[in-house]
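**Student:** got a predicted structure plus its sequence, pasted below:
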There are 4 protein chains.
Amino acid sequence: MSKVKESIKVGVIGATGYTGSELLRLLLQHANVQLSMVTSRSDAGVSIADYWPNLRGRCDLTFVLPDVDRLADNCDLVYFATPHAVSMHMMRELMNRDVRVIDLSADFRLRDIPLWEKWYGVEHACPEVVAQAVYGLPEVNRDKIRDAKLLACAGCYPTAVQLGLIPLLEQSLIDPQDLIANVASGVSGAGRQAKVANLFAELSDNFKAYGVSGHRHLPEIVQGLDDVSPEKVNLTFVPHLLPIIRGIHATLYCKPKDFSIDFQSVFEQRYKNEPFVDVLPVGVYPETRSVKGTNVCRISVQPVEDSGVLVILVVEDNLTKGAAGQAVQAMNIMYDWDETLGLNDIALMP
Amino acid sequence: MSKVKESIKVGVIGATGYTGSELLRLLLQHANVQLSMVTSRSDAGVSIADYWPNLRGRCDLTFVLPDVDRLADNCDLVYFATPHAVSMHMMRELMNRDVRVIDLSADFRLRDIPLWEKWYGVEHACPEVVAQAVYGLPEVNRDKIRDAKLLACAGCYPTAVQLGLIPLLEQSLIDPQDLIANVASGVSGAGRQAKVANLFAELSDNFKAYGVSGHRHLPEIVQGLDDVSPEKVNLTFVPHLLPIIRGIHATLYCKPKDFSIDFQSVFEQRYKNEPFVDVLPVGVYPETRSVKGTNVCRISVQPVEDSGVLVILVVEDNLTKGAAGQAVQAMNIMYDWDETLGLNDIALMP
Amino acid sequence: MSKVKESIKVGVIGATGYTGSELLRLLLQHANVQLSMVTSRSDAGVSIADYWPNLRGRCDLTFVLPDVDRLADNCDLVYFATPHAVSMHMMRELMNRDVRVIDLSADFRLRDIPLWEKWYGVEHACPEVVAQAVYGLPEVNRDKIRDAKLLACAGCYPTAVQLGLIPLLEQSLIDPQDLIANVASGVSGAGRQAKVANLFAELSDNFKAYGVSGHRHLPEIVQGLDDVSPEKVNLTFVPHLLPIIRGIHATLYCKPKDFSIDFQSVFEQRYKNEPFVDVLPVGVYPETRSVKGTNVCRISVQPVEDSGVLVILVVEDNLTKGAAGQAVQAMNIMYDWDETLGLNDIALMP
Amino acid sequence: MSKVKESIKVGVIGATGYTGSELLRLLLQHANVQLSMVTSRSDAGVSIADYWPNLRGRCDLTFVLPDVDRLADNCDLVYFATPHAVSMHMMRELMNRDVRVIDLSADFRLRDIPLWEKWYGVEHACPEVVAQAVYGLPEVNRDKIRDAKLLACAGCYPTAVQLGLIPLLEQSLIDPQDLIANVASGVSGAGRQAKVANLFAELSDNFKAYGVSGHRHLPEIVQGLDDVSPEKVNLTFVPHLLPIIRGIHATLYCKPKDFSIDFQSVFEQRYKNEPFVDVLPVGVYPETRSVKGTNVCRISVQPVEDSGVLVILVVEDNLTKGAAGQAVQAMNIMYDWDETLGLNDIALMP
């Protein structure tokens, strides 16, 4: 273990959105991280503590323009907290320097490049690097993450749905052709974009579904489930928009092949060594608030024997376990640190 | 039409809860109704306008103790807006007088009395009257409602789920053995009870499922679906608690036997004469706020051909179309009035 | 009264914002109004019921481009529900035709044109018409409103603050030099603009003051108070942003000259014939929800004798009594109709 | 520094309410604290992690019945997180043992015992200990806190109002006879009591004042202000209830004797060494969310020269700086630890 680095210099590209805000919060509280550069095209020159009022007194940096050379010179590790179709334009250069990269955007999540281009509506600018990217779901991919040079963080919905279905699919306990993921996300998942649809007066005291005809997280989820399932999966995925700031709740419906199996025990065994997956006792329902601001994912296993359906309930914070927290967890793995370092905050209650 | 009554005297039993509040609002705005008595055991003697501050200047009545004789003497029609297991104790006497009754509680919804007793945990006090009760879902039962002496209003979840599935089940277009109802309700559905679980600080900025192992609305829904389906239905029903005041959203999953059918047209045909069912155009998502305070139910038909699943989205206001509004709609039918009388308010936006 | 018009044709200029939405809702429910034209530069050609989902089935019109000739030909009355600095560009032409105008924007509220230009930051395009405008606060100006050709509706904060202070200032019961208006508004007051500051994720579960250094409603309030006060007023005005959709709450602090006066009675007398001002009984606190979607303003008089301060609490719905409802009330006065016509909805509870 | 204790054993009496929950969260994250006992009369025997779902995996304790002997034997320091009129019944015995006490309740805050009895409506059970209690506002009382045996934590509103006015009163810069505190609190301030008034459906999308005629925090605030002001203060205090979970916002109005003073600098100087008071730059408005879950109090100084009023805006988290966080800050002082130990969490954004 003599090779364990005690501290690294970290850069963040694009921290003016909500994922970036959460990432800054976590990195500034991380004992082994020195935040050395934070870039923004739109807000270069602005003090970060002026931009994010929660960081007053906690961060002296100013947003600077992104520049690969300066990033490479000043950082051991660079995070992208950008919208899709940004990181792919800088990745080739960064890979050519001795910088490790954790990409919170979607650019390197899908191995099937034409599929990516279909869902994201642009040509991929860096297809030859896609194969090097390691998909950042620690509960499945921990060993590969350790040595990743380019880590493609899992999406928020994909994290929740995969953690809820993988224990069953890995062991072929359910019909992989009959999966339903009814998911609901807090509004921060829509990002910090000035759109009428995201206004308080539009979303408060309101609820609706969206994206039934197709959501970009669907192919990512299917890729991840197919990776662990002996048979191909068929998933119906319906997202909804919740009038809460943070939190994802997944209600997953599947058909067990044999209802006599102890599904509770299957989940407890699968996740018994996972620091951030909490399998709840029988009959306890997970609530999104119980994980707000934390990297914990809580899962409840609810067999409905009368109807022959197994219901799995999963909650996570879309910005933490669903984005920045999982990215920090991956960093901890990549540098052989305690996997929970900097991720031990307890959720507020209430 | 000479028998149409131009105006009736109405009593309300138990109007200190949210369903009762909504009922009072609607009755006070109804041209053909004279509100003559409102009873409450807990708040007898209290001015209604002091109890419900929205009614200041609109209602001069005071809560009085419930009394069958006085009710029968003063009312053509009596509503129950009580918790379950209350109306069954007064119903026999009321039926013996010349009073029509609309019961918003659950006491007379299930025809199978042992089933009712199992779910509600008490012995039914008036089983011999159950068979006379007409189930108050106008879109299915309009003709029977017209002549009902005892009308058992449909529950809030049951209204949304039945309206979403009936057009498909009636025509055997889907597999009745494979139905999933993922539903979410605003907090007013839990009633005006002083429970820690219903506090603002517990529910705000939070989301969770509940009642997976069994909810009292499940047998009611199944009874209603079985009534229209040639084959027996098998339904998985998972309710969730939304941090909104009013509104139910149902996301229904079913498996069409033949995906080439024009499901949009099936719904439009089925509901073309229904004043309170709005089938949305293709691709439009219903939002709960669009029906808040109204008796409208909006439905969206969303086929997901890739996965072979038909998704039906339904919204309603749990207190209006899901309770008091539907009760007033039934009254309008019972007295041969325009079915929309007193139910034409447009929802606030925003 | 033979001249009372039984029904008029109405046009609305600019109904894509929240004030416009509320105005459409009220006009579509108004017995004496035929909505003949609704204009929008940005959304001409769009069906209104597609734009505002609460109006599905209730409005067949499509937004058209604004055109003074077509408006004059088709309308008896035209409303402006536009941002400031729009109506002043069309007003001269409209005044030259036989069309009455109700302007919900700020363009004709201030009689002092340089003051208006200072606060709104543009040159006034139609200064010669300003003197013809009647300020639309019925509780003060009813007689002038009756004959108004151009009615300048009162702003949302100004309505609440004026109704709370006028009974005291008219009779010189308080020190006019020592007035504090601590006000808080729901988010719809900020309009339907796509700004990051108005996003759900920014405003929900949050509270803050704004505009202490100067808010455009301050000179309007001072103009109105000076009109009724024998001595000049000095007012400190601090607005706050509430995480609610609709509602204004004003907490007004003033210093009575003589604490032995029965202030409760002063308010009750002043407003005893006002259909939309409700003076609450002693000790009752007004809540914003009790007036949501209604044209009612509720006022509570709370003397704090220990400190020598009289506290007046006022609530209204910023979009109704604070904008579109008051505009409809003014229309009712202008056409000699019952002042409450189309304004009798009871607020939802809860 | 040899006397500095490196770690202490701590007990908490009454941790089933929101203040207790926040205290447990902070103590479990505190490096120098070993949580040894948590008592509850109502929930003895219940696992704390079952009661507070955010503590799953972070706390192995079970609520036990309160017992002075066991507390004294097992704890160096005992916190009370109880309603008022509880700690006064156990305090005498605790004081007789070698246990330090931090009381988050109101029992020992007021030095004037008849005044306490008037506001709290019960006889004080332990008046002879009141004089030993140190009032726990570190920014005023740090030296006395260091040696306190019994620390009476400041209330939530009192903390915000005192921190906002003390710099001005200490230096006689304002008229102490003309102070207005318009304050608003999140709902958690009302505690975790099952009352209809605290239900989500009653408070969401709503706002109102309360307690104008008298609030228990008024005498506490006045006591604190009188302590630092050369002349007696006269304060009008109007609390409001915000539809947010956590957060207090105080809008303070006062009259400077001399408006030429640099008030911004007065505040910056007064608090320049305070780790938890952040004086914002000119023109920046504090928001409650920026301090949620933290011990920071942010203050903005806003002179309104036109009206001659100085407005001070203050935000804090009512459960943290307003209760449990300030209690932990006081503990850090009492044990000569770094005052920020265990209090460095950054607020979530959003």
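**Tutor:** Here it is on my side, so go on. Numbers count the residues shown, from 1 in each chain, chains lettered A, B, ... in the order given.
**Student:** tell me the secondary structure for whichever residue of the stretch 151-300 of chain A sits closest to chain D?
**Tutor:** The stretch 151-300 of chain A approaches chain D most closely through residue A:290 (4.3 Å), counting by Cβ to the nearest Cβ. For every residue, glycine as well, the C-beta is placed using N, CA and C. For residue A:290, the secondary-structure state derived from DSSP: H, G, I helix; E, B strand; the rest coil is helix.
**Student:** dump the residue contacts of it.
**Tutor:** A:296, A:298, A:315, A:347, A:349, D:53, D:54, D:56 (Cβ atoms under 8 Å, 6 or more residues apart in numbering or on different chains).
**Student:** let's see if you can find the most crowded of these.
**Tutor:** residue A:315 (30 neighbours; other Cβ atoms under 10 Å in any protein chain shown).
**Student:** could you report the neighbour count for the closest residue to that one other than its chain neighbours?
**Tutor:** In space, and not counting its chain neighbours, residue A:315 is closest to residue A:286: 4.1 Å by Cβ to Cβ, 6 or more residues apart in numbering or on different chains. Neighbourhood size, residue A:286 [other Cβ under 10 Å]: 24.
**Student:** what does residue A:193 give?
**Tutor:** 13.
**Student:** same check on residue A:168?
**Tutor:** Residue A:168, neighbours per other Cβ under 10 Å, totals 28.
**Student:** could I get the contacting residues of it?
**Tutor:** Residues in contact with residue A:168 (Cβ under 8 Å, 6+ apart) are A:174, A:254, A:256, A:263, A:266, A:310, A:312.
**Student:** can you tell me which two in those residues are farthest apart?
**Tutor:** Greatest spacing in the contacts of residue A:168, by Cβ to Cβ: A:254 and A:266 (12.3 Å).
**Student:** out of those two, which sits in the more crowded spot?
**Tutor:** Each of residue A:254 and residue A:266 has its neighbours counted (other Cβ under 10 Å); residue A:254 has more, 22 against 17.
**Student:** could you look up the SS state of residue A:299?
**Tutor:** Here residue A:299 is recorded as strand under three-state DSSP.
**Student:** what about the strands in the stretch 1-150 of chain A?
**Tutor:** In the stretch 1-150 of chain A, the segments counted as strands under DSSP state E, counting those that start in this stretch are A:8-13, A:33-39, A:77-80, A:100-103, A:134-136, A:150-153.
**Student:** ok, residue A:196 touching residue C:198?
**Tutor:** No: if you go by Cβ atoms under 8 Å, residue A:196 and residue C:198 don't touch, sitting 9.2 Å apart.
**Student:** neighbour-wise, which of those two wins?
**Tutor:** Legend: neighbour count by other Cβ under 10 Å for residue A:196 and residue C:198, higher for residue C:198 (22 against 13).
**Student:** what does the domain assignment say about chain A?
**Tutor:** Domain ranges of chain A: A:8-132, A:157-318, per automatic domain parsing.
**Student:** looking at those domains, which one is packed in the most?
**Tutor:** domain A:157-318 (a mean of 21; mean count of other Cβ atoms under 10 Å in any protein chain shown).
**Student:** avg pLDDT for it?
**Tutor:** Average pLDDT, domain A:157-318: 97.
**Student:** quick one: end-to-end distance for it.
**Tutor:** 8 Å (Cα to Cα, to the nearest Å).
**Student:** how far off centre is that domain?
**Tutor:** Here domain A:157-318 is found 13 Å from its chain centre; the criterion is Cα atoms, centre = their mean, to the nearest Å.
**Student:** check stretch A:29-46 too.
**Tutor:** 20 Å.
**Student:** same check on stretch A:84-100?
**Tutor:** A distance of 19 Å separates the centroid of the chain from that of stretch A:84-100, by Cα atoms, centre = their mean.
**Student:** do a quick rundown of the helices in the stretch 251-350 of chain A.
**Tutor:** A:263-270, A:325-334 (DSSP state H, counting those that start in this stretch).
**Student:** now tabulate the ones you listed in CSV and tack on distance to residue B:165.
**Tutor:** Below are the helices of the stretch 251-350 of chain A laid out as CSV (distance: least, Cβ to Cβ, whole Å):
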stretch, distance to residue B:165
helix A:263-270, 28
helix A:325-334, 38
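**Student:** need those in TSV (columns: distance to chain B).
**Tutor:** Formatted as TSV, the helices of the stretch 251-350 of chain A follow (distance: least, Cβ to the nearest Cβ, whole Å):
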stretch	distance to chain B
helix A:263-270	13
helix A:325-334	18
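**Student:** so which of the contacts of residue A:168 also contact chain C?
**Tutor:** The subset of the contacts of residue A:168 within reach of chain C, by Cβ under 8 Å from any Cβ of the partner chain, is empty.
**Student:** in strands, which of those appear?
**Tutor:** Using DSSP state E, the subset of the contacts of residue A:168 located in strands is A:254, A:310, A:312.
**Student:** measure the residue nearest to residue A:315 to residue A:346 for me?
**Tutor:** Remark: distance between residue A:286 and residue A:346 (Cβ to Cβ, to the nearest Å) = 16 Å.
**Student:** same deal with residue A:231?
**Tutor:** Relative to residue A:346, and taking Cβ to Cβ, residue A:231 is found at 40 Å.
**Student:** is there proximity between stretch A:51-69 and chain D?
**Tutor:** Yes: interface with chain D: stretch A:51-69 contributes A:52, A:53, A:54, A:55, A:56, A:57, A:58 (Cβ under 8 Å from any Cβ).
**Student:** check contacts around the residue nearest to residue A:170 when sequence neighbours are not counted.
**Tutor:** Spatial nearest neighbour of residue A:170, excluding adjacent residues (Cβ to Cβ, 6+ apart): residue A:228 at 4.8 Å. Contact analysis of residue A:228 by Cβ under 8 Å, 6+ apart lists A:140, A:166, A:169, A:170.
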